[in-house]
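> All I have is the shape, not the residue letters:
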């Protein structure tokens, strides 16, 4: 045994066996200093790990003070060796600190990239497996034994598994390290990693990894200079050989000399088992955090209790799982383990037993239960002493007051906005969405006509902590920060964007922001000559003003804006509907419908000017037929014009000499919401029928696509009834006699009829 005052404990991050072995080794050796792979930026937060109320999974969040979006997480579960090393040191009064390269010295990300918990990262502090970083020596480097150095560096555990004749590095490590345990395992891990790195040239190591290991060695030298006699270094297994012996200090100092430093801040944040899982989209972690947590809690009877939990999960889903089935599945798992030469069942044995006995061979049911057990929805909590920004503290207070605890599991929230508590919940969720914290996702209402119900899908995600830290720069409370986010200057804020922001401000009950945005909307509207943009801006604001009493919204702030937009849109309606193509005309017709509904159904706006504008549009010969026909129909349905006037306008649109396409477009606009008028108004139907009958073949074929579009808006039943009406005289059914037939015309269509019947003409 070497005489150096330190020992290297190479572990796998989030390994319960490594954690248990580590505590046993510490109890036996009694170190007087513990160095842990982690960010020294957070050394001051280590004592909080032992405080009451601190319940893993939790994570250290370190971010650049000037730019909180430049951040990184270091997750810990209660089965993480680093977490248990911290607890052991704190419980035994032993000095403990982190020894990895500080985040303050990490290089800044490229302009197009941001560090986030969703990003793929090779660094162990992101919770990944023992991956030291990608090699920069180029692919194809070979160590002489057929092993690719790049592959070894990228996946050392997978390399060891393949050397042992297995494909799954995680399963191999679990069996030979995690499930065996014991202090002696660390010497075996060190020897294995030493062999993997034996022929690795310095150039094969990523520069960032080289700096990290240099910093670890420098931290180890400092502990030795302090007079520590038993220094425990807890690090990823891959790094263990690099810390076993110390090269000259000048070598490491040269690697670290050019590092720049930025001021950072650190905090604890809650984490979840789901985010520890590789399946969640988080690019690092362990595949089965639920299983590892189970191993940590129930080590002596892990297999039995695992299958008992599986039976409970089945019963929760309404599937029978008797005690006898549990006993039988335990026996099957033990038998499978014996056949495979294992002392106790592993997860593969338990899965097969669960599938065969408890799930009766149903792989769908097995997949659901297995996923819920292996990953789970466990979420950590923080102790009251953990530092929080004022914004975080304000949010936690609101969540507590409104009885909305942040939970990792998805749940649906149905709100009645007539109730004050539910209205405040809606406001909080909307304010957080403004701050880019989508804790709640709005769902479609079951009753689309209801104005006082909202449905939300809630799920709290750990990375919201970054957005909270970033938003803390905007204000110390949720409403202040949301208001500042809405009103910050932005050159890209055109009228549609401003209307969207104003709508968000109203729904989020931010009156100061509403007042500012109203002024900006008015200024943008004064500069806009696009009637479609103006029309589209009116409908949502008019709806908010109309239902302001439901949300306790001050409609006096919005109604003047709606009126001003309406005046500008009305004045531009006629010119805006001239000289346009069919696509723009259809968009305008839709916008006109929405504004008309908002204006005529509301109580605040005076519809007289709007209706006058619609009347002018309906009588405008130069306006596009789609918009003129739509205006006429809206006026007719609202009783603002009589059927005789509508027939007159239709007659003008399809008068002889008028371009057939224009008439077809007018009819399309007029019939946009159905053809019931043609069923009940005989004179209107006869006008259309006579006009279509007057078209010669060439003009009819030119108009046919437009006519098909117009009449396709009716239901099949409406079209059939119109056809039936057209097929009989207005006075009713009359008998057809031989004397009333025009034989010459009848003989002309006989060949076509015979051909349709399959007869030879």
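Received it, and whenever you're ready, just let me know what you need. Quick caveat, the model's predicted, so the values are computed rather than measured.
> Neighbouring strands of the helix or strand containing residue 8 in the sheet, and parallel or not?
For residue 8, the host element (DSSP states H and E) is strand 6-11. Applying DSSP bridges, strand 6-11 is found paired with strand 231-236 (parallel).
> Need the residues that contact the partner strand.
5-13, 22, 26, 29, 31-37, 81-82, 85, 99, 124, 130, 132, 216, 220, 223-224, 243 (Cβ atoms under 8 Å, 6 or more residues apart in numbering). All C-beta atoms are positioned from the backbone trio N, CA, C, and that covers glycine.
> Show me how to select, in PyMOL, the buried members of these.
To isolate the buried members of the contacts of strand 231-236 in PyMOL, using 16 or more other Cβ atoms under 10 Å:
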select buried, resi 5+6+7+8+9+10+11+12+13+22+26+31+32+33+34+35+36+37+81+82+85+99+124+130+132+216+220+223+224+243
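> Among the contacts of strand 231-236, name the ones in strands.
6-11, 33-36 (DSSP state E).
> For those residues, please prepare JSON lines with the additional fields distance to residue 425 and pLDDT.
Below are these laid out as JSON lines (distance: Cβ to Cβ, whole Å; pLDDT from 0 to 100):
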{"residue": "6", "distance to residue 425": "54", "pLDDT": "93"}
{"residue": "7", "distance to residue 425": "53", "pLDDT": "94"}
{"residue": "8", "distance to residue 425": "52", "pLDDT": "94"}
{"residue": "9", "distance to residue 425": "48", "pLDDT": "95"}
{"residue": "10", "distance to residue 425": "49", "pLDDT": "91"}
{"residue": "11", "distance to residue 425": "43", "pLDDT": "89"}
{"residue": "33", "distance to residue 425": "49", "pLDDT": "97"}
{"residue": "34", "distance to residue 425": "45", "pLDDT": "97"}
{"residue": "35", "distance to residue 425": "46", "pLDDT": "97"}
{"residue": "36", "distance to residue 425": "41", "pLDDT": "97"}
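> out of those residues, who's nearest residue 50?
Closest approach to residue 50 among those (Cβ to Cβ): residue 34, at 13.2 Å.
> neighbours of the closest residue to residue 391 other than its chain neighbours, just the number please.
Of all residues not flanking residue 391 in the chain, residue 472 sits nearest, at 4.3 Å (Cβ to Cβ, 6 or more residues apart in numbering). Residue 472: 18 surrounding residues under other Cβ atoms under 10 Å.
> tell me the strands in the stretch 401-550 of the chain, going along the chain?
Secondary structure of the stretch 401-550 of the chain (DSSP state E, counting those that start in this stretch): strands located at 411-416, 440-443, 453-458.
> Next, count neighbours for residue 318.
Neighbours of residue 318 (other Cβ under 10 Å): 6.
> And it, how far from residue 353?
22 Å (Cβ to Cβ, to the nearest Å).
> One more: residue 613?
Residue 613 is 75 Å from residue 353, by Cβ to Cβ.
> ok, the two, which is more surrounded?
Set residue 613 next to residue 353 and count neighbours by other Cβ under 10 Å: residue 353 wins out with 27 against 20.
> can you tell me which residues contact the residue positioned nearest the centre of the chain?
The centre of the chain sits closest to residue 438, judged by Cα atoms, centre = their mean, with a distance of 7.8 Å. Residue 438 makes contacts with residue 432, as judged by Cβ under 8 Å, 6+ apart.
> got the contact list for residue 422?
415-416.
> hang on, the earlier thing: phi first, then psi, for the residue nearest to residue 391.
phi -60, psi -20 (degrees, to the nearest 10).
> wouldn't it be in contact with residue 390 here?
Yes - using Cβ atoms under 8 Å as the test, residue 472 is close enough to residue 390 to be in contact (7.0 Å).
> Tell me the confidence at residue 577?
Note for residue 577: predicted pLDDT of 91.
> So what's the residue count around it?
By the criterion of other Cβ under 10 Å, residue 577 has 26 neighbours.
> on that earlier part again, mind putting the ones in strands among the contacts of strand 231-236 into JSON lines with distance to residue 560?
Formatted as JSON lines, the ones in strands among the contacts of strand 231-236 follow (distance: Cβ to Cβ, whole Å):
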{"residue": "6", "distance to residue 560": "74"}
{"residue": "7", "distance to residue 560": "75"}
{"residue": "8", "distance to residue 560": "72"}
{"residue": "9", "distance to residue 560": "70"}
{"residue": "10", "distance to residue 560": "70"}
{"residue": "11", "distance to residue 560": "66"}
{"residue": "33", "distance to residue 560": "70"}
{"residue": "34", "distance to residue 560": "67"}
{"residue": "35", "distance to residue 560": "66"}
{"residue": "36", "distance to residue 560": "62"}
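> residue boundaries of the helices in the stretch 651-761 of the chain?
Counting by DSSP state H, counting those that start in this stretch, the stretch 651-761 of the chain has helices at residues 660-670, 676-680, 682-694, 697-711, 716-726, 743-756.
> Could you tell me the least trusted of those helices?
helix 676-680 (a mean of 65).
> what's the next secondary structure element after the helix or strand of the chain with the lowest mean pLDDT?
When the helices and strands of the chain are scored by mean pLDDT, DSSP states H and E, helix 548-551 comes last with a mean of 50. Per DSSP H and E, the first helix or strand lying C-terminal to helix 548-551 is helix 559-571.
> If you count neighbours, what's buried in that following helix?
559, 561-566, 568-570.
> ok, the longest strand seen in the chain: who's next to it in the sheet?
Secondary structure of the chain per DSSP E: the longest strand is strand 67-76. Here strand 67-76 has these sheet partners by DSSP bridges: strand 58-64 (antiparallel).
> what's the model's confidence in the strand it pairs with, averaged?
For strand 58-64, the per-residue pLDDT averages 90.
> Let me see the residues that make contact with it.
Applying Cβ under 8 Å, 6+ apart, the contact partners of strand 58-64 are 38-39, 41-42, 45, 69-76, 103-104, 262-271, 380-382, 462, 465-466, 469.
> per-residue confidence at the residue nearest to residue 391?
87.
> how about it, what does it touch?
Contacts for residue 472 were tallied using Cβ under 8 Å, 6+ apart; they are 68, 389-392, 481.
> Farthest pair within the residues you listed?
68 and 390 (14.2 Å).
> Tell me which of those two has more neighbours.
The residue with more neighbours, out of residue 68 and residue 390, is residue 68; 20 against 13, by other Cβ under 10 Å.
> Am I right that the more buried one is in contact with residue 474?
No - Residue 68 is not in contact with residue 474 according to Cβ under 8 Å; the separation is 11.0 Å.
> circling back to that earlier point, from the contacts of residue 472, which land in helices?
Counting by DSSP state H, these place 390-392, 481 in helices.
> Mind checking which of the residues you listed are buried?
Buried residues within the ones in helices among the contacts of residue 472, counting neighbours by 16+ other Cβ under 10 Å: 391-392, 481.
> Switch the buried residues of helix 559-571 over to a markdown table; also include pLDDT.
Shown next, in a markdown table, are the buried residues of helix 559-571 (pLDDT from 0 to 100):
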| residue | pLDDT |
| --- | --- |
| 559 | 80 |
| 561 | 85 |
| 562 | 85 |
| 563 | 85 |
| 564 | 86 |
| 565 | 88 |
| 566 | 88 |
| 568 | 89 |
| 569 | 89 |
| 570 | 90 |
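> Report the buried residues of stretch 584-597.
For stretch 584-597, using 16+ other Cβ under 10 Å, the buried residues are 584-596.
> Of those, which belong to helices?
Applying DSSP H to the buried residues of stretch 584-597, the entries found in helices are 584-596.
> Domain map for the protein?
6-280, 300-374, 390-471 (automatic domain parsing).
> can you tell me the distance between the two ends of the second one?
Using Cα to Cα, to the nearest Å, one end of domain 300-374 lies 19 Å from the other.
> With distance to residue 704 as extra columns, can I get the domains of the chain in a markdown table?
Shown next, in a markdown table, are those (distance: least, Cβ to Cβ, whole Å):
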| stretch | distance to residue 704 |
| --- | --- |
| domain 6-280 | 52 |
| domain 300-374 | 52 |
| domain 390-471 | 36 |
